[in-house]
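**Q** Predicted model and sequence follow; I will ask about them next.
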Amino acid sequence: MMDAFRLEKQTDRVATLIFDTPESRANVFSIAALEAFEAQIDALAEETQLRVLFIESAKDEIFIAGADLNEIIQANDPESAEAFVKKGQEVFNRLERLPFTTVAVIDGACLGGGLEMALACDYRVATTHSHTRIGLPEIKLGLIPGFGGTQRLSRLIGFAGAMEVILGAKQLSGEAARQRGIVDAAVPRGYLAFKKEALIEAFVAGGTPAQITAQRSGAKWYERFAPVRSVIAKTAAKKVQAKTRGHYPAPPALIEVLKESFGKPLSEGLAIERAAVTRLALTPEAKNLIRLFLISEALRHETAAAQSPRTVRHAAVVGAGTMGSGIAWALDNQKIDVRLKVRSIQSAAGAVMKIRSIYETMKKRHKIDRRHLRLNMDRITYTDGEEGFGRCDLLIEAVSEDPKVKKAVYEAFEALLSQEAIIATNTSSISITELAGGLAHPERFIGMHFFNPVERMPLVEVIPGKLSSETTVASVMQLARTLGKTPIRVKDRPGFLVNRILMPYLKEAALMFEAGETVEKIDRVLKDFGMPMGAFLLIDEVGLDIGAEVAGVLHKAYGERMAMPPLFDKMVKKGWLGKKSGTGFYEHGRKHPSVNPEMHALHSGERQLDAETITQRALYMMVNEASRCLEEGVVRDAAHLDTAMVLGIGFPPFRGGLMRYADREGIAQIVDALERFGAEYGSRFEPSALLRSMAQQHETFYGGA
């Protein structure tokens, strides 16, 4: 790894150390990289004339992405985990002790260990370019910063400030980081050379970091008092418990580290930090979260197939509802011109308002400014006619789940689009091959299933039909990545992947309710398991009418195990469609939904269940259907399936995904439970052939990994 660093001397007094990991799109601190960095620091410490060292990256859009997560995954004992953390701390301590001024020049992603390195420098300057993101996101991986980040950040911006940034896993723009005091300056990328010249002049002429950084706020005066810090910590712990329900050990560990170390010498604080990180690195939660992250990153950056993908610069969206508006925003947000086809100018106004509201939320969070909001909105045009679609590279259809309506769209637009344009459907369940029937160019037709709300949900299911070309597949996969989504290729089967696995779970919840259990208890038990919301609140969010449509498609394809209980039809007839109508399983008129008081009248029994039974009936049904998807080759493997379920429905990430959860439960135990439930409740619990075979052969989905 020695060739990962290149030292360039501008003069005897000024040098630049460039981080450029060979054959990699990103710089990360592995053990080897840390050792190479340490060797550079040791050599630089002998320089007698050097006054200023800039540390930069040669990577496009990335400064330093963090520590090498593979080192953490491979650490299976406290000694190896601690050795990695200690090495990072020691190297950055050496950086901090260099006898001249060090400046981190941040242009691109500066995350985790990258920011921890920058914090060990005397001065930090960042660009205001959109690709510059600065933060300590380790909490999302079941960890806390371990190379000194908790200690140096709390000294720099205070106890409460550090807790907020680290607990929130915030990724700040260069300007936002400057406002918080994390970096000392934020300048446009084109002005960076001038800023460096000014710093060289100041430092070489005798200026000191202490003089230039005198405006740093540091800890607040009141944070010196232990009772004040205790109140801040208790408030944070209460919020963490409410959000995580105790499933994630890293947030409370972070709070304790900051409480215990604040005000102590750096060496003592680093020891406290190191002990906590060593402990967290060996937890199943951290291992699961890191594995999911690595799989997701691989999917997001996977290179295209042999066929060269087409770049989408101009796109059309047909349908101005919730999904169509969200898709139009996602395209526009990546500077892709959007032409919106609407039924009427009135419906266009609603779509534009929805798109603008997303941007307004982004502006409130300082992700864009007013000027960019206006520029983005100006890229969107709309029409209720047929003009202006000739130059579109792609059309995405997002109309109602009716094959006749969808096919009418394709028939009308295939003649309007160019000969190379791709047509994609956002259908959530209808066969892509069926929808392509009648098209003159079915090879340029494909499924591109976004999840609601588009602005927050990171998954896109990419579903080729039988005649979809590999160029079409590669183009849509690349587009999804451009939009910041994680695309997963899925076989063209009814319901595709996520909705097919989700539906038996929702059905089982409904059947448990019909038999006498309460909405409140079932949803509470499933949230206690780790689901982001209960099954019934999820149904209300989707809409019972939409759920009934999808259930109808799945029932027709897969038989009685997918048939929705009569409860759904009764509720739809009453107009209880969920959030969209104001009433479903819950009433949605207030700040917090409350259970619909009339639901109890729809009970057909008085059967009460314990929490374990509720969990197993709902979750094992998902495992069973997921195993059938793997049997049929709907998705490549268990890792891709798990990623889809985490990103698509929020399956608890700390559990590592549905199939990793199944491995931990034990395949034989799941098969036994399904057979027991089948004897009591019916054939829908019949274990799949794959599960039976795995139980007999003592196999797991991950093979012990």
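**A** Done, it's in.
**Q** Count the residues that sit near the closest residue in space to Gly678 that isn't next to it in sequence.
**A** Excluding its sequence neighbours, the residue lying closest to Gly678 (Cβ to Cβ, 6 or more residues apart in numbering) is Phe685, at 3.7 Å. For the C-beta atoms, the positions are set from N, CA and C on the backbone; glycine is no exception. Residues near Phe685, counting by other Cβ atoms under 10 Å, number 21.
**Q** Repeat that for Ala689.
**A** Based on other Cβ under 10 Å, the number of other residues close to Ala689 is 11.
**Q** State the distance from it to Lys234.
**A** Using Cβ to Cβ, to the nearest Å, we find Ala689 at a distance of 53 Å from Lys234.
**Q** what's the answer for His131, then?
**A** Counting by Cβ to Cβ - His131 and Lys234 are separated by 38 Å.
**Q** higher neighbour count, the two?
**A** Counting neighbours by other Cβ under 10 Å for His131 and for Lys234 shows that His131 has the greater number, 15 against 12.
**Q** Kindly state the pLDDT recorded for the residue lying closest to the more buried one once chain neighbours are set aside?
**A** Spatial nearest neighbour of His131, chain neighbours left out: Glu61 (4.2 Å); criterion: Cβ to Cβ, 6+ apart. Note on Glu61: pLDDT of 90.
**Q** can you pull the contacts of Arg561?
**A** 504, 683-684, 686 (Cβ atoms under 8 Å, 6 or more residues apart in numbering).
**Q** Between the residues you listed, which sits nearest Ser230?
**A** Pro504 (47.3 Å; Cβ to Cβ).
**Q** Dihedrals phi and psi, Arg489?
**A** phi -80, psi 130 (degrees, to the nearest 10).
**Q** Could you report the distance from it to Thr383?
**A** 33 Å.
**Q** quick one, which of those two is more surrounded?
**A** Arg489 (19 against 15).
**Q** Identify the residues contacting the residue nearest the centre of the chain.
**A** Nearest residue to the geometric centre of the chain (Cα atoms, centre = their mean): Pro458, 5.7 Å. Shown in contact with Pro458 (Cβ under 8 Å, 6+ apart): 296, 484-486, 647.
**Q** and if we set it to 7 Å?
**A** Taking Cβ atoms under 7 Å, 6 or more residues apart in numbering as the contact definition, Pro458 lies against 485-486, 647.
**Q** quick one: which of the residues you listed sit in strands?
**A** Using DSSP state E, the subset of the contacts of Pro458 located in strands is Thr486.
**Q** Neighbour count and pLDDT added to the contacts of Pro458, as a markdown table?
**A** Below are these laid out as a markdown table (neighbours: other Cβ atoms under 10 Å; pLDDT from 0 to 100):
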| residue | neighbour count | pLDDT |
| --- | --- | --- |
| Lys485 | 23 | 94 |
| Thr486 | 23 | 94 |
| Leu647 | 23 | 95 |
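**Q** Which stretches in the stretch 1-150 of the chain count as helices?
**A** Counting by DSSP state H, counting those that start in this stretch, the segments of the stretch 1-150 of the chain that form helices are 31-44, 69-74, 78-96, 113-119, 149-157.
**Q** Kindly state the neighbouring-residue count (a burial measure) for Asp569.
**A** 12.
**Q** Buried residues, the helix or strand containing it. List them.
**A** Taking DSSP states H and E as the criterion, Asp569 maps to helix 566-573. Within helix 566-573, the residues scored as buried using 16 or more other Cβ atoms under 10 Å are 567-568, 571-572.
**Q** again, but for stretch 621-633
**A** 621-630.
**Q** Filter the residues you listed down to the ones in helices?
**A** 621-630 (DSSP state H).
**Q** Kindly state the domain boundaries assigned to this protein.
**A** Domain assignment for the chain by automatic domain parsing gives 2-282, 314-489, 498-634+666-697.
**Q** Let me know which of those is the nearest to His640.
**A** Here domain 314-489 is closest among the domains of the chain (Cβ to Cβ), at 5.5 Å.
**Q** end to end, how far does that closest one reach?
**A** The first residue of domain 314-489 is 23 Å away from its last residue (Cα to Cα, to the nearest Å).
**Q** Ok, stretch 674-689 next?
**A** 13 Å.
**Q** Return the member of the buried residues of stretch 621-633 nearest to Met163.
**A** If you rank those by distance to Met163 using Cβ to Cβ, Met622 comes first, at 36.0 Å.
**Q** neighbours of Glu699, just the number please.
**A** 15.
**Q** Which neighbouring elements make contact with the helix holding Asp569?
**A** With contacts taken as 3 or more Cβ pairs under 7 Å, 6 or more residues apart in numbering; DSSP states H and E, helix 566-573 sits against helix 498-514, helix 544-558.
**Q** Columns distance to Leu373, mean pLDDT and mean neighbour count on top of these, output as TSV?
**A** Converted to TSV, these look like this (distance: least, Cβ to Cβ, whole Å; pLDDT from 0 to 100; neighbours: other Cβ atoms under 10 Å):
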stretch	distance to Leu373	mean pLDDT	mean neighbour count
helix 498-514	32	96	24
helix 544-558	31	89	19
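**Q** Now distance to Val634 too, for these, in TSV please.
**A** Below are the helices and strands packed on helix 566-573 laid out as TSV (distance: least, Cβ to Cβ, whole Å):
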stretch	distance to Val634
helix 498-514	8
helix 544-558	12
